[in-house]
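[1] sequence first, then the predicted structure:
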Amino acid sequence: MATAVTHEAHEAHDTHEHVHYTSTGLDNRKVAIWAFIGSECMLFASLISTYLIYKGRSRVGPLPHEIWTSPSGQIFQPILNIPVTSASTFVLLMSSLVMVLALAAVENRGKPGYVGTLLGNSKFWLAATALMGATFLGFQAYEFTSFVHEGLTIKTNLFGSSFFTLTGFHGAHVTAGVLWLLTLLAIDIKRGLTPKDAILVDICALYWHFVDVVWIAIFTLVYLIK
Amino acid sequence: MSDHHAPGAAAAQEEHEEHEHPSWKQYKWVALILLVITVVEVWVYYTPFAKSPYFNPFLITMSAVKFGIVVQMYMHLKYDHKLFRALFFGPLLIAMFTVTALLFLFHQLPPLF
């Protein structure tokens, strides 16, 4: 009896390992990541709403787009640094291109045009995506540090509270994405990712692109709209 | 168990084969379009147009175009199963409705009536 149960469990485990289809005929991991991304839309919508509701309601500076003079006569320049943020936006947008190349390299491993070429080097593209994500985080760390030096912290005013919460949450998501990419890179180095593993890269890519589209919204709503 | 899922798996395979992902050339063009839109957005920020009442709608439109391009092409939702589209656009629509409602509620948008 115990042997039969063990055998059944083993069979179920094997099936689970090789067949990941739901009753819809779709891979359960892909359904899960889309459902997760859908829930993340709600999370970021709440954070963006909070930022927009508090926009223009800070009683004290520094302010995002306006000069502010304190009661003691100290003048605070608009705090947002558009050129620096534009550069970090460029890096994140390009990281999405590099991410699709990583996925294509894994999906087409062994096919003509990919063997022995840079296009087929998934390790390079995964490492490049992680590096670009880390560069974006470096820009964010620089921005946060300079804001604190200029007198804006999460406790200073409504702008500071909502800005650091929104962009901090986004930064945490980018950090998780970088760690995920580095994990895939480690797997690729250790045993090599094959076309059968493309789903692992695909769900990571979906998450990464989602982080990118959230930044597209944040860049416009927080940085460019006055 | 395996038999139970086999038709579904076959359907998914057919679905996958029916919808090819974009090619490298398409990805390259997508990246270029995204880059150009971002450059235009930042350039406009420094022009007198930034004081125009059309500035904010212009930026939101550009942002929506970029959002749509990334979702459709890079996240290949254009080529994927309709269930994935429902899982993404359903919550997105609710989220957008909630943002708009909250902005009206807190007087951050002009009143409708």
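    Nice, I can see it.

[2] give me the pLDDT for the one residue sitting closest to the centre of chain B.
    Against the mean C-alpha coordinate of chain B, by CA atoms, centre = their mean, the closest residue is residue B:68 at 2.7 Å. Looking at residue B:68, its pLDDT is 93.

[3] got the contact list for it?
    Applying CB atoms under 8 Å, 6 or more residues apart in numbering or on different chains, we find residue B:68 in contact with no residue. The way it works is simple: take the backbone N, C-alpha and C, and place the C-beta from them, glycine included.

[4] what do you get for the one 4 residues further on?
    Residue B:72 makes contacts with residue B:78, as judged by CB under 8 Å, 6+ apart.

[5] next, it: phi, psi?
    The phi/psi pair for residue B:72 (degrees, to the nearest 10) reads phi -70, psi -40.

[6] also residue A:202?
    With angles defined as degrees, to the nearest 10, residue A:202 sits at phi -60, psi -50.

[7] if you rank every helix and strand of chain A by mean pLDDT, what lands last?
    Lowest by mean pLDDT, DSSP states H and E among the helices and strands of chain A is helix A:2-18, with a mean of 45.

[8] ok, now which ones touch the closest residue to residue A:55 other than its chain neighbours?
    Excluding the flanking residues, the one nearest residue A:55 by CB to CB, 6 or more residues apart in numbering or on different chains is residue B:108, at 6.9 Å. Residue B:108 is in contact with A:52-53, A:55, counting by CB under 8 Å, 6+ apart.

[9] of the residues you listed, which belong to helices?
    With DSSP state H as the criterion, helices contain A:52-53 from among the contacts of residue B:108.

[10] low-confidence ranges in chain B?
    Within chain B, the segments meeting pLDDT under 70 span B:1-21, B:110-113.

[11] residues making contact with the longest helix along it?
    Under DSSP H, the helix in chain B containing the largest number of residues is helix B:82-105. Contact partners of helix B:82-105, identified using CB under 8 Å, 6+ apart, comprise A:24, A:26, A:30-31, A:34-35, A:37-39, A:41-42, A:44-46, A:48-49, A:52-53, B:71, B:77, B:109, B:111-112.

[12] narrow those to those that are buried.
    Buried members of the contacts of helix B:82-105, counted by 16 or more other CB atoms under 10 Å in any protein chain shown: A:26, A:30-31, A:34-35, A:37-38, A:41, A:44-45, A:48-49, A:52-53, B:71, B:77.

[13] pick the one among the residues you listed closest to residue B:46.
    Relative to residue B:46, the closest of the buried ones among the contacts of helix B:82-105 is residue A:52; by CB to CB it sits at 22.9 Å.

[14] please report the distance of the closest one from chain B.
    Using CB to the nearest CB, to the nearest Å, we find residue A:52 at a distance of 6 Å from chain B.

[15] got the buried residues for the helix or strand hosting residue B:57?
    Residue B:57 belongs to helix B:55-69 when assigned by DSSP states H and E. Within helix B:55-69, the residues scored as buried using 16+ other CB under 10 Å are B:55, B:58-59, B:62-63, B:66-67, B:69.

[16] cool, stretch A:108-119 as well?
    For stretch A:108-119, by 16+ other CB under 10 Å, it's A:108-109, A:114, A:119.

[17] do stretch A:187-204 as well
    Buried, per 16+ other CB under 10 Å, within stretch A:187-204: A:188, A:193, A:197-204.

[18] can you put the contacts of residue B:108 in JSON lines and add pLDDT?
    Putting these into JSON lines (pLDDT from 0 to 100) gives the following:
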{"residue": "A:52", "pLDDT": "92"}
{"residue": "A:53", "pLDDT": "92"}
{"residue": "A:55", "pLDDT": "88"}
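
[19] ok, so of the contacts of residue B:108, who is nearest residue A:103?
    Using CB to CB, residue A:52 comes nearest to residue A:103 of the contacts of residue B:108, at 34.0 Å.
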